[in-house]
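# I would like to see how this sequence folds:
(2 chains)
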Amino acid sequence: MSSQVRVRFAPSPTGYLHVGGARTVLFNWLYAKHTGGKFILRIEDTDQDRSTRDAERMQIEDIKWLGFDYDEGPEVEPSGSQTVEPSGSQTVVPSGSQKRGAPGSQKGGPYAPYRQSERLDIYATYAKELLDSGRAYPCFCSDEILDEKRAAAMRLGTVPQYDGTCRKITREEAARRVAAGEKPTMRFKAPVREYKLQDAVRGAVVFPPNMVGDFVVLRSGGMPVYNFCCVVDDHLMEITHVLRAEEHLSNTVRQMMLYETFGWKLPVFAHCSLILGQDRTKLSKRHGATSVHQYAEEGYLPEALKNFLALLGWSSPEHKEILTLDEMIAQFGLERLNKAPSVFDPVKLKWMNGQYIKALPLADVTGRAIPFLERAGIPAKDFDRAWLERAFDTIRGGLETLAGAPKAMEIFSNDEFALEEEARKVRKEAGFAAVAGALREGLAKHEDEKGDAISEAEFQALQEGVKTASGTKGKALFMPMRVALTGQTHGPELKLVVPLLGAKRCLKRVKRVLAHDSV
RNA sequence: GUCCCCAUCGUCUAGGGGCCUAGGACACUCCCCUUUCACGGGAGUAACCGGGGUUCGAAUCCCCGUGGGGACGCCA
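Numbers count the residues shown, from 1 in each chain, chains lettered A, B, ... in the order given. Predicted structure coming up:
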């Protein structure tokens, strides 16, 4: 039980969830599922200027849209979910019968709260411990002086780091200055020695002595800072593996110092390579679409996005490209994490999304396309569902995103279509009138005798009639019919389109195209 | 600038001393299927950053160089 894997995703709620974050969630989540461990969501909102509840809500929404559930986190209802017992010391309470406040049933999970802004008293305790033991000290240096010194160090070609000026200040003097209204930060006395990290993806990483100076653990307002909270929380929440992006690699030495002074066991660190934009710099907003939300809106499927992201920095031991979630869970491991950074290729994502649109159960994808159709003014919700699915099935093969559905579905939804450029040329061709005319007669006759419904076979028979009546065949027969029926020179097979449209609408369309000026 | 990390087709990657005249996928080109478009199938173009070692043998191991990235915050 105590050896159970516990991983976490710890975003700062300062904006949407971006694809890099999404991949980090994915890897953590996969690892938890793979090992039968727990996946925890922790909100790192100690930067009060930038963190918002709105952003937090958005990120959680995106995480859920992607299909990730978490075992512990803010606002997780404890009943019904298999919440873990802290240190395995509690008895398991049957789900549903837990009382609020009972051990192991706190809101969100046994290590609640999961929002750092709600854990301030915890950090205060540990900060005090550092101060009392002389491992940290108040620092009264102003921003201006610090900035100046940093700039000077850069110019000199050394690592800009705090010079320890305030280490010399006595407790008495510090107390006096605080009483006088000064607001110090609290700095941790960084030990000067080499630190060796055994990283699960990088291998042995050596941080030389003097790599970092005394760093801030408490802001002047008393608010703790990332490196400090992260360590305290990971320890308290019994996180066993820290899977995060490489940008945190050099932070790790600071965190190791903290683990060391508190005498806490280090979790396993796994720093995966970054995702880069086309220009090979860290993927960011200026590279275009980078938020998960944006991809959702553009008609990408969460399955496709997950699959694509999984292959950025990880590869399947079976060398597969298209993997189901279950396959990913079964095959995921830290050993196959790639050290080299990878460039995000939106073209391949698109391709993969198309693969999923084609492969997912028809009823499922059709359902997901409906909002896109509705948004484009196609009242898909009102259509007969079976009919909609059949229609969607004829066009899904050509779709790369769901956002393309409205345009593709127009062939079925819009009887008042305008002729495309190429279609106009076809209409001007000599044989057009004969074919379209024969088609009109055939459709009128069908409607007269058999009504609106027209089967695939019936349409093909009708087509034979048009063929003989117009004396055309092949493309000369086929293109005019397509144009008269759809206004386009391409699209799904007519024998599939016509039965879906019905004789009546087909007739109406042909008549309209035949009346030149109307289109 | 300093420190850390990284280096296989344009991109994602396989490979971890002989199986490599380097495999797959996206993209691109061509062909086939198709009375359209797409889908699908087939073929093709295209890579081990450079230099030194180690070794009978290096894409693979070591060193140096070069290139790229990241970090150097009272951001995370």
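
# What is the neighbour count of residue A:108?
If you count neighbours by other Cβ atoms under 10 Å, residue A:108 ends up with 22. The way it works is simple: take the backbone N, C-alpha and C, and place the C-beta from them, glycine included.

# for it, helix, strand, or coil?
Here residue A:108 is recorded as coil under DSSP: H, G, I helix; E, B strand; the rest coil.

# Would you mind measuring from it to RNA strand B?
18 Å (Cβ to the nearest atom of the strand, to the nearest Å).

# before we move on, what about residue A:141?
Taken as Cβ to the nearest atom of the strand, the span from residue A:141 to RNA strand B is 7 Å.

# can you tell me which residues contact that residue?
Applying Cβ atoms under 8 Å, 6 or more residues apart in numbering to residue A:141 gives the contacts A:162, A:165-166.

# Could you point out which of those is nearest to RNA strand B?
Set against RNA strand B, the nearest of the contacts of residue A:141 by Cβ to the nearest atom of the strand is residue A:162 (7.0 Å).

# ok, that closest one - how many residues close by?
When counting by other Cβ under 10 Å, one arrives at 19 neighbours for residue A:162.

# what does the one 4 residues further on give?
Taking other Cβ under 10 Å as the criterion, the count of residues near residue A:166 is 18.

# I'd assumed residue A:136 was in contact with it.
No - contact between residue A:166 and residue A:136 fails when scored by Cβ atoms under 8 Å: they sit 10.8 Å apart.

# Please identify every residue contacting each of these two.
Common neighbours of residue A:166 and residue A:136 (Cβ under 8 Å, 6+ apart) are residue A:187.

# about what we covered before: which one of the contacts of residue A:141 sits closest to residue A:277?
Proximity of the contacts of residue A:141 to residue A:277 was ranked by Cβ to Cβ; the top entry is residue A:162 with 33.0 Å.

# Can you name the residues of the stretch 101-250 of chain A sitting close to RNA strand B?
Contact residues, the stretch 101-250 of chain A versus RNA strand B (Cβ under 7 Å from any atom of the strand): A:141-143, A:146, A:150, A:153-154, A:156-162, A:183, A:185, A:202-203, A:205-208, A:211-212, A:215-216, A:219-221, A:223, A:225-227, A:246-250.

# If we use 6 Å, what do you get?
Proximity of the stretch 101-250 of chain A to RNA strand B (Cβ under 6 Å from any atom of the strand) is limited to residues A:143, A:150, A:154, A:157-161, A:185, A:202, A:205-208, A:211, A:216, A:219-220, A:225-226, A:246-250.

# Of those, grab the buried ones for PyMOL.
The PyMOL command for the buried members of these (criterion: 16 or more other Cβ atoms under 10 Å) is given here:
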select buried, chain A and resi 160+161+185+202+205+207+211+216+219+225+226+246+249
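
# And the residue of chain A closest to RNA strand B?
For chain A, Cβ to the nearest atom of the strand, closest residue to RNA strand B: residue A:157, 2.4 Å.

# phi, psi of that residue?
phi 80, psi 20 (degrees, to the nearest 10).

# Next, the contact list for residue A:159, please.
Contact analysis of residue A:159 by Cβ under 8 Å, 6+ apart lists A:153, A:210-212.

# Ok, residue A:296 next?
Residue A:296 sits in contact with A:62, A:65, A:302, where contact means Cβ under 8 Å, 6+ apart.

# Centre of the chain to stretch A:51-69, how far?
With Cα atoms, centre = their mean, to the nearest Å as the basis, stretch A:51-69 stands 10 Å off its chain's centre.

# Not counting it itself, show me its contacts.
Identification of contacts with stretch A:51-69 by Cβ under 8 Å, 6+ apart yields A:9, A:11-17, A:21-22, A:25-26, A:29, A:39, A:41, A:43, A:45, A:70, A:74-75, A:115, A:117, A:291-293, A:296, A:302-303, A:305-306, A:325.

# circling back to that earlier point, put the buried members of the contacts of residue A:159 into a PyMOL selection.
Restricted to buried positions by 16+ other Cβ under 10 Å, the PyMOL selection for the contacts of residue A:159 reads:
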select buried, chain A and resi 211+212
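
# Filter the contacts of residue A:159 down to just the ones in helices.
Secondary structure from DSSP state H places residue A:153 of the contacts of residue A:159 in helices.

# Please tabulate the contacts of residue A:159 in TSV and include distance to residue A:357 and pLDDT as additional columns.
Output for the contacts of residue A:159, formatted as TSV (distance: Cβ to Cβ, whole Å; pLDDT from 0 to 100):
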residue	distance to residue A:357	pLDDT
A:153	54	83
A:210	55	85
A:211	49	88
A:212	49	90
